[in-house]
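1. need the 3D shape of this:
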Amino acid sequence: MTTVLNHWIGGAESAAASTRTAPVYNPATGMVAKNVLLASSADVDGAVDVAAAAFPGWRDTSQARRQTIMFAFRELLNERMGELADILTAEHGKVTSDALGEITRGLEVVEFALGMPHLSKGEYSENVSTGVDVYTLRQPLGVVGIISPFNFPAMVPLWFFPLAIAAGNTVVLKPSEKDPTAANWMAALFTEAGLPDGVFNVVHGDKEAVDALLGHPDVQSISFVGSTPIARYIYETASAHGKRVQALGGAKNHMLVLPDADLDLAADAAVNAGFGSAGERCMAISVIVAVEPVADELVAKITERMGGLRVGDGLRGCDMGPL
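-> I've put the predicted structure just below:
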């Protein structure tokens with residue numbers, strides 16, 4: 001029987017109300033590995049309610065206590081990143097080395113968030129006008145929503161939720177339904193690190209769940225990474241509801257190779273950038289502009305390297321995983 005991945009709400013797995021599901025494939029085999037629940041608007045409302053209820057307690061938790069929990073999460077993630085890498089490879093398809101690299105980049109953000117007591121300092125200006133002093137405070141917003149893409153199931157959420165949580169916010173994450181398990185794994189790990197229930201919640205779903213987050217009056221901000229058309233939709237919809245929005249759209253990247261370049265190094269960089277992460281990343285090099293007279297030689301070097309790429313199951317020592 002195919003297993004079903006539940007949401008993560010209030011510090012535990014939650015089946016919620018909706019029974020709609022979507023298949024989660026192992027791209028190396030083409031087989032359905034599990035099904036994932038797709039949240040209804042009511043399910044999203046429930047997750048937001050839990051996050052909103054957890055916010056006052058987390059906001060009032062001392063920065064010292066928050067940092068203790070963040071550091072514990074950092075240590076657990078560092079120790080057990082191999083488990084998460086296997087999940088990424090099994091659901092996204094990228095090879096294990098790419099998966100470990102993704103997690104390492106995300107871990108850097110966790111480490112940056114450990115400096116939140118310094119990052120959240122306000123400012124004080126004395127006597128800006130006669131007898132008038134001015135000061136600023138940086139305070140958490142409340143419930144924040146995160147919508148992340150399929151190509152980096154660990155790194156992109158890790159761009160956002162460690163900083164949001166360290167700053168005193170509570171989070172509802174909606175990961176891609178194509179590779180959703182990493183989100184639950186990280187939420188469970190954070191709970192193990194001592195995070196109070198309800199501070200970090202995961203709802204799985206499709207457009208219905210996204211729209212529910214964008215329009216919910218208790219969600220104060222939205223962070224998104226994905227395609228440019230959807231980024232535009234996210235920005236327009238969420239901002240129309242008065243939310244703060246960061247919506248990062250897809251990139252198109254060009255590599256410029258000048259005549260004095262090290263062509264072996266350039267060819268290696270082009271192949272690694274184009275075929276790493278199974279070729280599924282917005283930072284991939286999709287266009288190379290070669291300034292003559294190096295174009296033919298560069299093409300020959302890239303062709304040679306492409307011929308040696310081993311494509312297959314990312315758990316079996318290949319160079320490029322399946323799409």
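2. for Trp71, grab phi and psi.
-> In this structure residue 71 is Phe, not Trp. phi -70, psi -40 (degrees, to the nearest 10).
3. check contacts around it.
-> Leu114 (C-beta atoms under 8 Å, 6 or more residues apart in numbering). Backbone N, C-alpha and C define where each C-beta goes, glycine included.
4. and the pLDDT at it?
-> Looking at Phe71, its pLDDT is 98.
5. any idea where the helices of this structure begin and end?
-> Ranges of helices in the chain, per DSSP state H, are 41-59, 63-79, 81-91, 96-113, 116-119, 155-166, 181-192, 207-215, 228-240, 263-275, 295-307.
6. which residues touch the longest one?
-> I take that to be helix 41-59. Helix 41-59 has contacts (C-beta under 8 Å, 6+ apart) with 7, 9-10, 16-18, 39, 66, 139-140, 142-143, 165, 168-172, 196-199, 201, 203, 205, 208-209, 211-213, 216, 218-219.
7. let's see it at 7 Å
-> 7, 9-10, 16-18, 140, 142-143, 168, 170-172, 196-199, 201, 203, 208-209, 212-213, 216, 218-219 (C-beta atoms under 7 Å, 6 or more residues apart in numbering).
8. do stretch 203-210 as well
-> Counting by C-beta under 7 Å, 6+ apart, 5, 7, 36-41, 43-44, 47, 147, 172, 174-175, 177, 180 sit against stretch 203-210.
9. and Leu114, how many neighbours does it have?
-> Counted with other C-beta atoms under 10 Å, residues neighbouring Leu114 total 17.
10. please report phi then psi for it.
-> phi -60, psi -20.
11. please name the residues that touch it.
-> So Leu114 contacts Gln67, Met70, Phe71, Arg74 (C-beta under 7 Å, 6+ apart).
12. how about the nearest residue to Leu100, chain neighbours excluded?
-> Ala85 (4.9 Å; C-beta to C-beta, 6 or more residues apart in numbering).
13. before we move on, back to that, just the ones of the contacts of stretch 203-210 in strands?
-> Leu5, His7, Val36, Leu37, Ile147, Val172, Lys174 (DSSP state E).
14. count of residues packed around the first one?
-> Using other C-beta under 10 Å, Leu5 has 21 neighbouring residues.
15. one more: Glu91?
-> The burial count for Glu91: 22, using other C-beta under 10 Å.
16. isn't it right next to Ala28, touching?
-> No. Applying C-beta atoms under 7 Å, one finds Glu91 not in contact with Ala28, separated by 10.1 Å.
17. re earlier: looking at the helices of the chain, which one is packed in the most?
-> Ranked by mean neighbour count under mean count of other C-beta atoms under 10 Å, these are led by helix 155-166, which reaches a mean of 24.
18. and the angle from that helix to helix 181-192?
-> Put simply, helix 155-166 runs at 30 degrees to helix 181-192, going by axes from the mean of the first three to the mean of the last three C-alpha atoms, to 10 degrees.
19. how far out from the middle of the chain is helix 155-166?
-> 7 Å (C-alpha atoms, centre = their mean, to the nearest Å).
20. what does stretch 187-196 give?
-> 17 Å.
21. what is the end-to-end distance of it?
-> Stretch 187-196 stretches 11 Å from its first residue to its last (C-alpha to C-alpha, to the nearest Å).
22. average pLDDT for that stretch, rounded please.
-> Mean predicted lDDT for stretch 187-196 stands at 98.
23. could you do stretch 163-172 as well?
-> The model assigns stretch 163-172 a mean pLDDT of 98.
24. repeat for stretch 267-275
-> Mean predicted lDDT for stretch 267-275 stands at 91.
25. how about residues contacting it?
-> So stretch 267-275 is contacted by Met255, Ala284, Ile285, Ile288, Leu298, Lys301, Ile302, Arg305, Met306, Leu309, Met320 (C-beta under 7 Å, 6+ apart).
26. farthest pair within those?
-> Leu298 and Met320 (20.3 Å; C-beta to C-beta).
27. name only those of the contacts of helix 41-59 that count as buried.
-> Among these, those buried by neighbour count (16 or more other C-beta atoms under 10 Å) are 7, 9-10, 16, 18, 140, 142-143, 168, 170-172, 196, 198-199, 201, 203, 209, 212-213, 216, 219.
28. wait, isn't Ala266 in contact with Val257?
-> Yes. Using C-beta under 7 Å, Ala266 is in contact with Val257, at 5.0 Å.
29. give the residues shared as contacts by the two.
-> In contact with both Ala266 and Val257: Leu298, using C-beta under 7 Å, 6+ apart.
30. now for Thr21: which residues touch it?
-> Residues near Thr21 by C-beta under 7 Å, 6+ apart: Val4, Asn35, Val36, Leu37, Leu38.
31. now do the contacts for the second one.
-> I take that to be Asn35. Thr2, Val4, Thr21, Ala22, Pro23, Val24.
32. test of understanding: give the bridge partners of it.
-> Per DSSP bridges, the residues bridged to Asn35 are Val4, Pro23.
33. quick one: Asp211 and Ala17, what's the gap?
-> Distance from Asp211 to Ala17, counting by C-beta to C-beta, to the nearest Å: 17 Å.
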